[in-house]
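In: Got a predicted structure plus its sequence, pasted below:
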Amino acid sequence: MSVRRAMTVPRVRRVAVVLGLVALVAVPHVGDAFQVTLVVRGLVWATLAASVWFLLRICDLPSLGHAAFFGIGAYTAGLAVTRWQVDNVFAALGLAIVVTAVLSLPIAVIAGRLRNMQFILVTLAFAEMTRSLATRWAELGGTDGLVGVIRPGAWPFGLDLSDATTYYYFALAVLLAGVALLVVVVRSPFGAVLRGIRDSEQRVAALGYNPLVYRVAAFVLSAVVAGSAGVVHTYLNRFANPTDVAPLVSARALLIVVLGGAAIAGPVTVAILLTIIEDALSSHTDRWLGVLGALYVVVALANGAWNPAAWRRALVRRRGGATPATHAADDAPPPPARRAATLERTT
Amino acid sequence: MTPAEAVFQLLIGLSFGLLLFLLASGFTLTFGLARFVNLAHGAVFLVAAYVATSVGGPGWRFVLGVGAAAATGLVLSVVVYALAASRWRVIGERTLVQVLLTFGALLVLADYARSHWDGLPRSLVAPSALDGSWAFAGSAFPVYRLFMMGAALVVAALLWWLQERTSFGALVRAGVDDREMLAALGVSTRRLFAAVFALSGVLAGLAAGLGAPVLGAAMGQEFDILVLALVIVVLGGPGSLAGAFAASLAVGVADAYGKAFLPSFAEFTMMGLVIVVLAWRPAGLFGTAET
Amino acid sequence: MTVLALENVSKSVGGLDINRDVTIEVGRGERRALVGPNGAGKTTLMNLAAGLTRPTSGRVVLDGHDVTRLPAHRRARRGIARTFQITNLLPSMTVRENVAVAVQAGERSRCNPVVPWRRLRTVWSRVDELVERGRLTDVAGQPVSTLPYGVQRRLEIVVACARPAKVILLDEPGAGLTSDETEDLLDFVFTLGDDVGILFVDHDIDLVLRAATEVTVLHLGAVLTSGTPQNIATSGILDEIYLGRAAHA
């Protein structure tokens, strides 16, 4: 009885998270410079995936345009160093956050009224607009983008970001800060309202909340996290270019969230693993994109069987208890397709 | 911009728009009826286009090329459907799993095209009878485009006849309105879906084949075409052929004008217009308020 | 003292007249029942009152203020509470959490993005009060989706009435419940305050006649008659419209 109690779901999850963190912290000590850089790319994607996760899983808004905010952050970081004489990575980060927040606001207001396919389209259209601008505007370097971006200083921490290991920990810090921020928000009263709107916009509106305002705020927050990922990306590669704003970027981020499941740890893990897998694949074959596609197909088809949340519920039911309620339900059950009342009777 | 130039570009735009309609009509039907987001549709077009350029050739071989493209479209679409149907209970209602599945299919198809044709763009020469241009408004309007418009209109008319005048079409229209009711009436929705997928594949293949002398086949089309199809379907209203028709023409003309008169900002303007339309009319230009 | 008034409200959709020139007034402390066969336009009237749809013509007046142009959430803030015909709760959350979302709608803290939710003492203590009054203490920690139907209906009412309201709209509160269960629910609502106006729809005529202080009869989109339950019961009009025959003397 006590062993079973000890192995409750939240506890297993916590252990897994701690192990994952330990592994991430240990990476620079076990890998060479190339491998470390590879994992940094994974961390960037994890940060972007976290931002898409927040919109999709907490707000039920599937964005196919987060490349726009990623790109805005990336280009702002590049411009900060090459044009605006900003020599502090935290200042650059702050600047990117502000710029992304401001530019995301109009599209947030428009998209906030839309659902499903229209939401997908409007976010995609916005990303394509941004990409068009990035490609055509001479000021932004055109198809070559911004090159020669030197990693800035890190005052007040006297760190040298050009060192691979130091930069790794910077990227990890950004990821953890982003994830922590999102988790805090999900667990806050504001986050509770967001989840309520996801479950039933009508009910929440009937209680006096304005769903649009909440959605807009959530959208901007998500955009800001995506923008931060862009900053890390630019300083990692030392350039920013229009491929950062490509539809493939948005699609990949969305796919990672789909693959990763309901809790935030999922997409974060998938992002890092997928980056490593893709690298391994591409060094073995030219046709790695095809292999990846086949993998997606297989996972999609197996998806009926792959449902950790359902497994957990079945496991708990067999033990004869109700599923323990957690306040921070970032573990979201599949959204209800219809508001069907269960017709069980108590007699 | 002189009025003559404006009309010229209008015709260019309409011809492209009609081609887009062939492509988008299949997409809107599969989405409207089966609620299925088929992201592989653009990649089907891509492979069909490459097939058209390979099989097709001068003279009568052109027809062969178009036919082969249509057949390729048919086969590939049915394969995608078969994959989805194998797990329909899970995939059928879940948009995100569909996205995963069809995006994976897109990558596989695009990769196949890239490796089989070395990633190089290809084109197809129009049959000599349709070569040449028509002196119009001080410019030379390609005769082939006129043929393309005509052919696309014929297909569109057939499609309209199919939807409005046959029982198959009635079933499709009914299914778009209320799928559950259709199933409750004993109609085999699986076979209906398969037929609609097959049809959408044929249409995409025809678009690829007919468009080959103008658009050719090139890597990247799997995304470009997909984006346009998505725009058309959402603006026109899912499941509505009339909406798709109007939206296709609008997109085609907007594309032509954009490229002709604002070349640096063509995509920017088009996408900006899409956003404006959605801000003003969230349900699309012709859609009903559909969730 | 009228707290809610629908004045000459009409609603047409696509050429179909759903409500025709309907005028209904609910006074403070009044329990007005809305009855009529299916298709009479009752749910649409509820939605019009709540702000889910706009009338084609006519006005909605709350406590003397014209709220016709206000969307649902603004009307909710002004004091309109409602339940839905099909249970409309937040399935991913527990019973307590559902009530908490309802309670915090009146608090500044509802937009707070940083403090942990469970730290809002004032909200949660009120939640516990309501859960107790609604006899939901046994299931308080369970996810809503696991609850039996009847309990969900009760929760729906608790959620709707979590904050003080001027008008409560109950759309078929007894749908799928036995008469006793419905009476139970209604009793809970009726204890909520003497100056709350209640407008409710139900098909159990006997229950309606016992529970209501006023009755409005709708038929084919228009108001047929209104009056006290006794008058309506003796007039035989209900037999006529529900069963299509004249009352026997």
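Out: Arrived safely. Residues are numbered from 1 along each chain as shown, chains lettered A, B, ... in the order given.
In: Show me the helices in the stretch 51-200 of chain A, by range?
Out: Counting by DSSP state H, counting those that start in this stretch, the stretch 51-200 of chain A has helices at residues A:59, A:67-82, A:89-111, A:116-136, A:164-186, A:189-199.
In: Low-confidence regions, the stretch 101-250 of chain A specifically.
Out: The stretch 101-250 of chain A contains no residues with pLDDT under 70.
In: for chain B, what are the nearby residues on it?
Out: Selection of the stretch 101-250 of chain A residues close to chain B by CB under 8 Å from any CB of the partner chain yields A:107, A:110, A:113-118, A:120-122, A:124-126, A:128-129, A:131-133, A:136, A:247-248. No exception for glycine: its C-beta is placed from N, CA and C like everyone else's.
In: ok, back up a step: pipe the helices of the stretch 51-200 of chain A into CSV and attach distance to chain C and mean neighbour count per row.
Out: What follows is those, written out as CSV (distance: least, CB to the nearest CB, whole Å; neighbours: other CB atoms under 10 Å in any protein chain shown):
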stretch, distance to chain C, mean neighbour count
helix A:59, 13, 21
helix A:67-82, 19, 29
helix A:89-111, 14, 20
helix A:116-136, 19, 24
helix A:164-186, 5, 19
helix A:189-199, 4, 25
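In: Now render those as TSV, adding distance to C:Arg135.
Out: Listed next are the helices of the stretch 51-200 of chain A as TSV, based on distance: least, CB to CB, whole Å:
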stretch	distance to C:Arg135
helix A:59	33
helix A:67-82	48
helix A:89-111	42
helix A:116-136	39
helix A:164-186	31
helix A:189-199	23
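In: Now do the helix or strand where B:Leu20 lies against helix A:116-136, angle only.
Out: Per DSSP states H and E, B:Leu20 falls inside helix B:3-34. Relative orientation of helix B:3-34 and helix A:116-136, computed by axes from the mean of the first three to the mean of the last three CA atoms, to 10 degrees: 140 degrees.
In: Show me what helix B:3-34 is packed against.
Out: If you count contacts as 3 or more CB pairs under 8 Å, 6 or more residues apart in numbering or on different chains; DSSP states H and E, helix B:3-34 packs onto helix B:41-55, strand B:139-142, helix B:143-165, helix B:167-177, helix B:189-215, helix B:221-236, helix B:241-261.
In: Give me the residues contacting the shortest one.
Out: In other words, strand B:139-142. B:4-5, B:8, B:11-12, B:132-135, B:214 (CB atoms under 8 Å, 6 or more residues apart in numbering or on different chains).
In: Could I get the phi/psi values of C:Pro164?
Out: C:Pro164 adopts backbone torsions of phi -60, psi 140, taken as degrees, to the nearest 10.
In: What distance do you get for it to B:Leu29?
Out: Applying CB to CB, to the nearest Å, the value for C:Pro164 to B:Leu29 is 52 Å.
In: Quick one: low-confidence residue ranges for chain C.
Out: C:245-249.
In: List the contacts of stretch A:85-105.
Out: A:69, A:72-73, A:76-77, A:80-81, A:151-155, A:161, A:170, A:174, A:216, A:219-220, A:223-224, A:226-228, A:230-231, A:235.
In: Now with 6 Å, please.
Out: Stretch A:85-105 is contacted by residues A:69, A:72-73, A:76-77, A:80, A:152-155, A:220, A:223-224, A:227, A:231 when judged by CB atoms under 6 Å, 6 or more residues apart in numbering or on different chains.
In: Of those, which is the nearest to B:Val51?
Out: Of all these, B:Val51 sits closest to A:Phe69, with 38.5 Å by CB to CB.
In: That closest one is in contact with A:Ala223, isn't it?
Out: Yes - contact between A:Phe69 and A:Ala223 holds when scored by CB atoms under 6 Å: they sit 4.1 Å apart.
In: So for B:Val202, which of the helices of the stretch 51-200 of chain A sits nearest?
Out: For the helices of the stretch 51-200 of chain A, proximity to B:Val202 was assessed by CB to CB; helix A:116-136 is nearest, at 23.9 Å.
In: Show me what the closest one is in contact with.
Out: Applying CB under 6 Å, 6+ apart, the external contacts of helix A:116-136 come out as A:61-65, A:67-68, A:71, A:107, A:111, A:114, A:140, A:143, A:242, A:245, A:250, B:230, B:234, B:264, B:267-268, B:271-272, B:274-275, B:278, B:282.
In: Narrow those to those that are buried.
Out: Neighbour counting by 16 or more other CB atoms under 10 Å in any protein chain shown classes A:61-65, A:67-68, A:71, A:107, A:111, A:114, A:140, A:242, A:245, A:250, B:230, B:234, B:267-268, B:271-272, B:274-275, B:278, B:282 among these as buried.
In: ok, the residue lying closest to C:Phe188 once chain neighbours are set aside to chain B distance?
Out: Distance criterion CB to CB, 6 or more residues apart in numbering or on different chains; nearest residue to C:Phe188, sequence neighbours excluded, is C:Ile157 at 6.2 Å. To chain B, C:Ile157 is 27 Å away according to CB to the nearest CB, to the nearest Å.
In: Let's verify C:Ile157: helix, strand, or coil?
Out: Three-state call for C:Ile157 (DSSP: H, G, I helix; E, B strand; the rest coil): helix.
In: Up against chain B, what does chain C have?
Out: Proximity of chain C to chain B, by CB under 6 Å from any CB of the partner chain, involves no residues.
In: now the stretch 1-150 of chain B, which segments are flagged as low pLDDT?
Out: B:137-138.
In: Does the residue of it found nearest chain C belong to a helix, a strand or coil?
Out: Nearest residue of the stretch 1-150 of chain B to chain C: B:Glu93, at 16.3 Å (CB to the nearest CB). Assigned with three-state DSSP, B:Glu93 falls in the coil class.
In: Fine, thanks again, bye for now.
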